[in-house]
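**Student:** Build me a model:
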Amino acid sequence: AGPGIARGYDPAVADVSGTLAGTHTDLPRLRAGGVGAQFWSVYVPAQWAGERAVVATLEQIDIVRRMVATHPDAFALCDTADEVEAAFGAGRIASLIGMEGGHSIDSSLGALRMFRELGARYMTLTHNDNVPWADSATDDPAVGGLNDFGREVVREMNRIGMLVDCSHVAPTTMHAALDATAAPIIFSHSSCRAVADHPRNVPDDVLERLPDNGGVAMITLVPMFLSMEASRWVREGQAEMKTAGLDPDDWAVMTRFMEERETTVPFPNVDVATVADHVEHARRVAGAAPDPPSAEHIARAPPTPSAILRRVNHDIIGALFAKGGFGETNFGDLFYPLTFLTLALFIGSIVLYNVPGRTVADMSNETVLRLAAVDNIVGIKDATGNLARGIELLRDLDHSFAGKGKSFGVYSGDDASALALMLCGG
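**Tutor:** From the prediction side, this is the model:
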């Protein structure tokens, strides 16, 4: 998220410690959302090419640095993972800088290096328009992905320690970046094209390459990227703007037009279940992160919508059962599949829910032993909600496998605090 504050922002006047109207965020919203680290996007419009884009990006970095300096108790400017952890431990919001669009360097490796010196830790290769060396997902192809200079940009970003961000770029550019990079890439805000066929989303053949690259795809919550109905609504509105002689690329004009249009043409409902569709798909195709977050991180997280936690994925649970040495065929009638969110957080772990007509007490010793073969955490609740029995069983498991790197706990609700309880073996 960018600061969402107009050019010329003065931290002494527009105080982010209070609620700010017309911005994407402020300190109260960051705190309410449980944000521990924030990449501030020093975005400038793609139409601002050349020196104008470079100067405007410098001014955006100045805004971030002055905002952090004005509120040292709330923010900490960070450049490394260790600094992020230290800021989090001190209760401050780790603030990092990301550049959204290669137009900000004006085709200059020297400018790229100097932006890195000022704290930029990632750069999106393009925004909505092509740059001379890379194709955007929302522009006409020009160089076939990356040209020679574009590949040089990727290699230089690797060398100086900047993440290569492939959101916004064309699929050919995604593949070219994966071919050129020696370090993991990221998708800072993209969803899955197989779920919603929008050009801003990531195709499966790219997601499939992420495990070998070690990269990360972060699902965005932009409705028009999540839902084809929402995307169609926006496209229809943009067509109406052109008919009326208005420029859809003028963000302020488009925002006003769309707000007015929504009063007569309701915007399609895009709910958390739609987000779950994309997360589940990405997890199925690309896999989940190998390192789960710590109990402290989960404990400090805001409540997770129960609609997310109730989502299941039979393919994933089957794969995990196979990892533990038994198949879904034998145990599918006993266990309700785990939620995708828990799986996304704890790869290789299993959460067992209550199933009508069966109880924890029905589990045989053989079943318990096979469950214990699965890495990480097992949370159990019986069909009658008898958590006491689940706790008793887990204590037996914990005793039996003490010192073997296994952790057991009880999942007893649908929010992040319950996950934290599970993590802590509560």
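
**Student:** Could you list the low-confidence segments of this structure?
**Tutor:** Where the chain drops to pLDDT under 70, the residues are 1-14, 272, 288-426.

**Student:** list the helices and strands the longest helix seen in it packs on?
**Tutor:** As assigned by DSSP state H, the longest helix anywhere in the chain is helix 51-70. In terms of contacts (3 or more Cβ pairs under 8 Å, 6 or more residues apart in numbering; DSSP states H and E), helix 51-70 is packed against strand 75-77, strand 93-100, helix 109-117. Bear in mind the C-beta positions are built from the backbone N, C-alpha and C, glycine included.

**Student:** Compare these and report which one is nearest to residue 37.
**Tutor:** Closest to residue 37 of the helices and strands packed on helix 51-70 is strand 93-100 (Cβ to Cβ; 3.9 Å).

**Student:** Please save the CA atoms from the closest one in CSV.
**Tutor:** Taking Å, rounded to 0.1, in the frame of the first residue of the first chain, the C-alpha atoms of strand 93-100 are listed here in CSV:
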residue,chain,number,x,y,z
ILE,A,93,5.6,-1.0,12.3
ALA,A,94,8.5,-1.9,10.1
SER,A,95,8.5,0.4,7.1
LEU,A,96,10.1,-0.6,3.9
ILE,A,97,10.1,1.1,0.5
GLY,A,98,9.0,-0.5,-2.8
MET,A,99,8.9,1.1,-6.3
GLU,A,100,5.9,0.3,-8.4
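
**Student:** Tell me the strands beside that strand, with direction?
**Tutor:** strand 37-41 (parallel), strand 75-77 (parallel), strand 120-124 (parallel) (DSSP bridges).

**Student:** on that earlier part again, residues of the longest helix of the chain that come out buried?
**Tutor:** Going by neighbour count (16 or more other Cβ atoms under 10 Å), the buried part of helix 51-70 is 53-54, 56-58, 60-61, 63-65, 67-68.

**Student:** host element of residue 18?
**Tutor:** According to DSSP states H and E, residue 18 maps onto no helix or strand at all.

**Student:** which one of the helices and strands packed on helix 51-70 is the most hemmed in?
**Tutor:** Each of the helices and strands packed on helix 51-70 was scored by mean neighbour count; the highest is strand 93-100, a mean of 24, by mean count of other Cβ atoms under 10 Å.

**Student:** what does that strand rub up against?
**Tutor:** With contact meaning Cβ atoms under 8 Å, 6 or more residues apart in numbering, strand 93-100 is reached by 2, 30, 35-43, 57, 61, 64, 67-68, 74-79, 83-84, 87-88, 105, 115, 118-124, 127, 165, 168, 188.

**Student:** can you check stretch 206-215 too?
**Tutor:** Contact with stretch 206-215 is made by 166, 171, 174-175, 178, 181, 184-187, 192, 216-217, 282, 285-287, as judged by Cβ under 8 Å, 6+ apart.

**Student:** quick one: buried residues of it?
**Tutor:** Residues 206-207, 209-210, 213, 215 are the ones in stretch 206-215 that count as buried (16+ other Cβ under 10 Å).

**Student:** One more: stretch 179-193?
**Tutor:** Applying 16+ other Cβ under 10 Å to stretch 179-193 flags 180-181, 183, 185-193 as buried.

**Student:** Next: stretch 211-227.
**Tutor:** In stretch 211-227, counting by 16+ other Cβ under 10 Å, buried: 213, 215, 217, 219-220, 222-227.

**Student:** Let's see which of those end up in helices.
**Tutor:** The helices, defined by DSSP H, take in 213, 223-226 from these.

**Student:** Make JSON lines out of the buried residues of stretch 211-227 and add distance to residue 269.
**Tutor:** Output for the buried residues of stretch 211-227, formatted as JSON lines (distance: Cβ to Cβ, whole Å):
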{"residue": "213", "distance to residue 269": "35"}
{"residue": "215", "distance to residue 269": "32"}
{"residue": "217", "distance to residue 269": "25"}
{"residue": "219", "distance to residue 269": "18"}
{"residue": "220", "distance to residue 269": "18"}
{"residue": "222", "distance to residue 269": "15"}
{"residue": "223", "distance to residue 269": "9"}
{"residue": "224", "distance to residue 269": "13"}
{"residue": "225", "distance to residue 269": "15"}
{"residue": "226", "distance to residue 269": "11"}
{"residue": "227", "distance to residue 269": "8"}
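
**Student:** closest to residue 237 among these?
**Tutor:** Nearest to residue 237 among those is residue 224, at 10.2 Å by Cβ to Cβ.

**Student:** And that closest one, how close does it get to residue 196?
**Tutor:** 9 Å (Cβ to Cβ, to the nearest Å).

**Student:** Identify the contacts common to those two.
**Tutor:** Common neighbours of residue 224 and residue 196 are listed as residue 231 (criterion: Cβ under 8 Å, 6+ apart).
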